[in-house]
Structure formats: structure tokens, C-alpha cells
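*Asks:* Sequence first, predicted coordinates after that:
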Protein chains: 2
Amino acid sequence: LLGPDLHVDLDRADLRRSLQNVLRDAVRAGRLPAGTRLPSTRTLAADLGVARGTVTSAYEQLVAEGYLTARRGSGTAAGSVPSAAAAMPEAAGSARPRIRWDFTPGQPDLSAFPRAAWATATRRVLASCPNGDLGYGDPQGSRALRQALAGYLGRARGVLTSPEQIVVCPGYTSALSLIAAVLKAGGTRAGPDAGGPRIGFEDPSLPHHREVVAHAGLAVAGVPVDERGIRVGEIETSVVVVTPAHQYPTGVTLDPARRTQLADWARRSGGLVIEDDYDGEFRYDRQPVGAIQGLAPGHIVYAGTASKTLAPGLRLAWLALPPELVGPVVAARRMIDRHPGVLDQLVLADMIGSGAYDRHIRQCRIRYRARRDRLVRVLGERAPAVTIRGIAAGLHALAELPAGAPAEQELIAQAQQRQIAISGLAGHWISAPARRPGLILGYATPAAHAFEPGLAALAGLLTAVVRPGRG
Amino acid sequence: LLGPDLHVDLDRADLRRSLQNVLRDAVRAGRLPAGTRLPSTRTLAADLGVARGTVTSAYEQLVAEGYLTARRGSGTAAGSVPSAAAAMPEAAGSARPRIRWDFTPGQPDLSAFPRAAWATATRRVLASCPNGDLGYGDPQGSRALRQALAGYLGRARGVLTSPEQIVVCPGYTSALSLIAAVLKAGGTRAGPDAGGPRIGFEDPSLPHHREVVAHAGLAVAGVPVDERGIRVGEIETSVVVVTPAHQYPTGVTLDPARRTQLADWARRSGGLVIEDDYDGEFRYDRQPVGAIQGLAPGHIVYAGTASKTLAPGLRLAWLALPPELVGPVVAARRMIDRHPGVLDQLVLADMIGSGAYDRHIRQCRIRYRARRDRLVRVLGERAPAVTIRGIAAGLHALAELPAGAPAEQELIAQAQQRQIAISGLAGHWISAPARRPGLILGYATPAAHAFEPGLAALAGLLTAVVRPGRG
């Protein structure tokens, strides 16, 4: 009647549903072209050996869905539906060689993620949180997490804030795009130039963050970085994004005099500093230097994240805002994503409260410190022409290559042939003078068991291709 | 030396750190005004009975942080820091009466959230997911969830899609704002009018969704809704947002002929339909009508959510996109929030895979159906002048009030005095002719134990204030 597969697919346990599926698929696949008359319900029921009501109800359902049409007096017919939508083809498997040793920056050691502690905290949260916590939440973020963060940030990062000034965001990208949207809308003293203020970024800095700001419709301007951090005197914008604890990617720390100068600049000019404290928890040669936010809390947006302390996949970050920015940021948030998922927020609050978060950070600090020491020593021995720049901190080091070294792209390609992933410095510059090539080495990325063999492979590569410079 | 509290606060277990805290607080609180000379490290160490190195290192740290300044030859002095940032005052406790019976729409019964199943799935995910899953994830959403959703949506909602066309979003607000951003940027055939296309919305519809689109910079136009759903012939925009399974807030379902007409309109005009299938899983008088997306998958964006099936706090929603929209949406997503948190995604994928998600929906369907039946019966008996509109579906019903009933705002205020929260229809209209007042009753909102007494309270209110109409 409708082709052989009609009978084959009928599921006797749920006749109506399976009949519907068969008919729907037949219309979709073009086996029943638009306008094709279907048998009467009585005929089809007899043919299939099912109750007539089953067929009637299946027809009705498909008429309601538009796969069939019913016209009084002319029975039921197939509707007009495009035959099988073009499914997107799977991306063809790329032919890149497999990577064994991953030294790209930006991720912590994911094998160290505290899975057991997270599961325990999740169970505790699910056993105890009020039902109301599962509903539409506070666009500022869960109060429990904001309270935990206010305590943590004051204690660990010297941030001067309160739960009322904290906004939890699903990651720093979201936090930055949210602030950019607010600045673009001119909702703060930092605007309103027509079109919103230009945003200063350290030169070099992470391209993705500049793209996020540009995507929000704001122009970007570079501010040079030297061995003492961003050159505050050369800021020409009213808003500037900085990484004072551990400049990305150069790895330098902002000099004490520059810290004061930056806070003074913001206070005097009415400018806004966005402090991207992405890895401030990790300093190995001394106690972490506190956030600059504490020097001018009314003029500095502090941004922290769990992406380096726990895992980027969580998408958890936070802003400590000057009071007058809270309202505009929360208002924008309501129109963009309402609020971050509550469970992850409550679990993180639980882990901060129980001390598990601090404990995890301390353990990571010890491990990453050892890794950085090994990196410096092994490369110093085996590739002495390579200079490791920056302070002993964070999850990455900048390896400056000597004159005469291969170009970054060539080095990256050679690394790939040895199954090593590394990342180049070149794309991070805003201005474009000729500079020495460099590699940004993410030494936290490999899992624990892979670090030493990976480091040996990396040293082997650099020994082979980087000779002491002639320049 | 620095005031009596210096000694009080010193923690002998971590002298350096506590000394730093004391000094930092003193500078912040203004007890050490800018420029105040501090004792030499030798003097202070002797005074406190601690090693000189402890004081030296605390001074250095605070100089690095900017709280102190050190000038060669002139010792150490307090830095210039604003005394105690103005913390935002706590929002003053509002004087609204406590709500006992909550019938506002938009939320499922949160007391029914499958906490145990969620905790179990979380444990399973954390015990088994590869480390790489915890890193920066796929901006389209975790592949495991997209696969699970493609199967679920085909099976449960008749959506014709594939994992490659699904984009997971942190809630429908985020999904809608993302699409609006793409349309605004003119990245699709639906644009580009200068300024982006106007977006049609059902009149009435949820104001928040129109605000989300307006916030993205697009203009909004209303399309009338009658007893058969949106009047397709009156769409004058190139993009339209619809709620075909269960129109919000009127509760009508889109008539079969209109479904076909809408799909035809999209195909013929090259327009784009955004199908907001917010509660399509819940239909009580018959099997749910499938999504219209299957009628014209190349022209209809399907949007589903876990906010009604599980809980809004999760912030999990999904789009099934026409193939050519996937690229622009994912590109925009990278600049807005990268991707939703991975753990919630993997847990939901696990629950769909294990059948726990379908089981939960079936249980909820039975419960909500019983609630709706009770609502219709009890109000029919005790407040017969009130007409319940719309089909037996979803989590809300529209209660139309007779002529002569109090105005919505007055009714809402009277309800509040009886500790009942209800929501009015008025704010949902785009056009503004005089219409009968109505209440949108969210019968899923109360916890199970609160439903019957809440319904009795609601009926009592309506009996008391709504008399049969004279018009």
C-alpha cells in the first residue's frame, strides 16, 4: 500500500506512534509525494490488522503536524514537506598529525581537576539547597557564591569588595563582552564618546580578548608593555584592560611604581581600569602580589576566573565592580543570558566555604612551581640560546628565541611533526614592528605523567633547531 | 606605634601575612594617612618581637601592592589609597507581604526536580569524562549532548536535525539574543535591512523576549493571535518568533492549516521562523503535536529548553538551526560567552541517554495534567464567571475575566493581600486596544503539597471579587 517498509517498522507495543512515525518518514522522504491520497482509515486499519481508531488518531496527529492534509469529502492526503532536509556534512577529519605533548597556553592541568571534591560538593548542594535556588536566579549571580567570593577575594587577592558589587559570569569572555556592551551603550561615566569609548589593551595581549571587545562594537588601541609592565604614561584611552599580576603573554609583573601610577591615572582622569587577574593565584617566588583593584576600587573593575584554578570548561568567572557599574551590568545581563547556571555556582560556593578550593589551589601552586623550575632548568641546559622571560608565576612562560632562530610558524610546524603543540607570540602584537620571535609555553597543560617526557621532547626540538644567536 | 590594634591582630602562626593584613587595613581605613612614615624594619621588628626579615618582607609586599611606598634614603611611608571603598548599601528589605501561594507562570514545580538522578548522573560524568572535556569546549555545545538532543528532539518533538545543526545555549534568553545578534550583524539571508531585520512577535507574547531582541538593536512588530494561533497572513516582517505548540500567554495551539501556511510562508518568502517550543513536551489531551520545524527545517530555527522540563536555574537550552545559520551563530558565540558550562551539558546528556530525562517528563506530565484538571474544575465550580482559555497543555492557563471584574492590577493587589501571587495579561500586548482583563495562572509553580490549598485560596479570591459579567 505505502511500500514494503510500512509493515516492517510497525511496533505492536505502540501501534499508533509507530504508524505515525512510518507515515511521517514516508512524507519526509518523498515516498509519499504531496497530494498522494492515503487509504481510508477503515481500509488501512483492515490492511494492518489494527483498530480503526488507531489509524484515525495517527492521521489526526499528522494532520495537526502538517504532514498530512484532510479535506472534507476528499479524504486524507500527503502534505507538502521538503524531502529530507540537507543535513550538515560532518567536518572532514583533518589530516593534522596527532599531538602527544601539548604546551599550548591557557589551560591548567585538567588531570588535576578535583573531581571527587566537586562530586561531593554537588551532592551536598543537591541535598540541601532550597527549591527556590533552582528557579530563575539572581542576574548578579547566586548570593551564596558572591558572599564566598567576597571573602576569598579579600583574603587571597586583596580585593576590596562586597557581595553587592560582585557579578558572577559564565567565563571571562562573557564578563568582558558584558562590560563592553555596557560601555558601548554609554551607560557609565567612561562613555559616551559617540560609538562608545576606545578600549586600551596591552601590546602584546591575547587577541581573542581584543576581538571580544571589537565584536561588541568598540575600537581597540594598543599600549606598549616593557619589562616593568604596561607603560601607564602612554594610555590614550579612557578605558584600559590590564594583566598586572602576570602580564599576558610576556610574563612580567607590573612594577610597584606603575601600579600606583595606574591607580592614580584612573582616579585623576576618571578612567576605568579592567584588571584581568586570570592567574593571580599562582606566584612561585613569593606571596602573590594583591590585585591593584584595592588601590582604587571605585575606578577598577576586578575580573577573576576559575578557568585557571579549576577548569575552563566550568565557565565560571567573576567581576568586582565599582558600585555605579553594578546596575548597568546587571540590566544588560538580563537581556543577554539572565544568569549563570546555579548548580555550578552553588558547588563553587560550597568548595570555597569548605576550604577545598584553597586547598586545590595550594596543591596546584606547588606542582606548577616545580614544573616551571624544571622548564627553566632543562631548557637552560639543553637550549641555552632560548631566554625564558617573565616572573616565576602563572601557567605559562615566554621563551624568547635568539636571532637566527627559525621563524615562529616554521618552529610550530616542526614541533607538530614531533607531535608537540606550541604557540607563537607573533599574533599577540597590536603594533607591527619587527621583533624577535617567541614561544608561549603553557607548562601547566600536560597531564602530570606527560610533563617530563613532554619537556624532554620540547627540549629536543629547541636544541635541534635553535642555535645560539649571532645577533 | 601604629595604634593598639596592631598587636591585637597579629597571628603568631603566620606573622608576615598577618602583619601585612594589619598594615594594609590601616592604610585602607585611613589610620595611616598617605605619606605617614613607617618605623624602620629594625625598630618595628624589635617592637613586635619578630624577626627583622618578617617585617622587611611584609613591607616589600605592600610596596609591591601599592599600599606603601619606599624611597631610597627616606624609608617607607603609607601610600595614597582611598579610605574604605563605599560598599553598596544592601537593598532595603521591601515591605511586600510574604507570598504563600505562588501562581506566577514560567516555572515548573521545582520541588519535583530530580535531585537524586542529577547527582547520580553528575557522579557518573565526573567518574568517566576525559580530562579534555573539562577544557575550553566546543562553542556549539558538547558533542555528547548534541547527539543526545538530536535523538531526543526527533523522537519527542518531530524535529528534523542532526548534532551538527544543534547549538547548546545557556538558556533561551541567551539563544534568542545570540540569534538576534547574528541577524543584526546581517550574517544571514534574513537580513540585511540597514540596521537588521524587524522581528515579528505574536501579539500578545512575553515582553521579556521582545526586550531581548530590542536590546540587540532590532525593531519588533506585533502579529495578531486569534483562537487558531498567529495570523500568518498578517506577518509583515522577514523574521517571526512563534510559540506554535502552546501560544504564550493565550494557550491556544497553532491550527493545522496555519502550521502549513507558516511553513509555506517561510519557504516562499525566504523568511525565518523562530519556533519557541518552551513547553512542547506537555500536552494533556493527546500526544504532543510535533514541532513545525519538521515542515520546513531549512527555514525554521527550533528552540527548546530544560527550563520547563527540569529547572530554569540550570540555564540549558538548545537551537536546531538551518545549516547555513550554524556558522554565524557559532562565530558570534565565541565572542559572547564561548560555550555553556560542560558539566551541566554532560549531565543532561547522561540523563537523556539513561532515559531519566524522559521518565521525569512523563511523571511531570501526569502531575501537571492532574493540576490543570483540578484548576479547571475548581474554578469552574467556584468562579464560573472566569473562563479558562487555551488547550490542555503546558504549565499555565489563561483565565479570562468577565466584564465588570476588577482591573488586573487591582486583582493582583488583592491577591497579594491574601498572600497569593498571580500575573496579569495586560503587559503582554504589543498593540493597545481595550481588552478584557486576564490572569496568567502558572499552575505548575506551587510545590506539590501547596497546590490544593493554594488552589482553594485562589478560588476563594476569584469567587469573592469576580462576579458573572454583565457584558
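*Replies:* Great, that's in hand. The structure displayed is predicted, hence computed values, not measured ones. Residues are numbered from 1 along each chain as shown, chains lettered A, B, ... in the order given.
*Asks:* Neighbours of A:V240, how many?
*Replies:* 24 (other Cβ atoms under 10 Å in any protein chain shown). For every residue, glycine as well, the C-beta is placed using N, CA and C.
*Asks:* Now do the contacts for the closest residue to it other than its chain neighbours.
*Replies:* Nearest residue to A:V240, sequence neighbours excluded (Cβ to Cβ, 6 or more residues apart in numbering or on different chains): A:G200, at 3.6 Å. Neighbouring residues of A:G200 by Cβ atoms under 8 Å, 6 or more residues apart in numbering or on different chains: A:220-223, A:235-237, A:239-241.
*Asks:* Could you export these as JSON lines, including pLDDT and secondary structure?
*Replies:* What follows is these, written out as JSON lines (pLDDT from 0 to 100; DSSP: H, G, I helix; E, B strand; the rest coil):
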{"residue": "A:V220", "pLDDT": "95", "secondary structure": "strand"}
{"residue": "A:A221", "pLDDT": "96", "secondary structure": "strand"}
{"residue": "A:G222", "pLDDT": "96", "secondary structure": "strand"}
{"residue": "A:V223", "pLDDT": "97", "secondary structure": "strand"}
{"residue": "A:I235", "pLDDT": "98", "secondary structure": "coil"}
{"residue": "A:E236", "pLDDT": "96", "secondary structure": "coil"}
{"residue": "A:T237", "pLDDT": "96", "secondary structure": "coil"}
{"residue": "A:V239", "pLDDT": "98", "secondary structure": "strand"}
{"residue": "A:V240", "pLDDT": "98", "secondary structure": "strand"}
{"residue": "A:V241", "pLDDT": "98", "secondary structure": "strand"}
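*Asks:* Mark which of the residues you listed are buried, thanks.
*Replies:* Those of the contacts of A:G200 that meet the buried threshold are A:220-223, A:235, A:237, A:239-241, by 16 or more other Cβ atoms under 10 Å in any protein chain shown.
*Asks:* the bottom helix or strand of chain A by mean pLDDT?
*Replies:* Here the helix or strand of chain A ranked lowest by mean pLDDT, DSSP states H and E is helix A:5-9, holding a mean of 46.
*Asks:* any idea which helix or strand comes after that one?
*Replies:* helix A:15-29 (DSSP states H and E).
*Asks:* Name the single longest helix found in chain A.
*Replies:* helix A:356-382 (DSSP state H).
*Asks:* do that helix and chain B meet at all?
*Replies:* No. Against chain B, helix A:356-382 shows no contacts by Cβ under 8 Å from any Cβ of the partner chain, the least distance being 13.3 Å.
*Asks:* Pairing partners for the next helix or strand after that helix, with directions?
*Replies:* Using DSSP H and E, the helix or strand that directly follows helix A:356-382 along the chain is strand A:387-389. Applying DSSP bridges, strand A:387-389 is found paired with strand A:396-400 (antiparallel).
*Asks:* what about the strand it pairs with, distance to the chain center?
*Replies:* In this view, strand A:396-400 has its centroid 22 Å away from the chain centroid, taken as Cα atoms, centre = their mean, to the nearest Å.
*Asks:* helices and strands around the helix or strand following it, which ones?
*Replies:* Downstream of strand A:396-400, the first helix or strand assigned by DSSP H and E is helix A:408-417. For helix A:408-417, the packing partners by 3 or more Cβ pairs under 8 Å, 6 or more residues apart in numbering or on different chains; DSSP states H and E come out as strand A:423-424, strand A:438-442, helix A:448-465.
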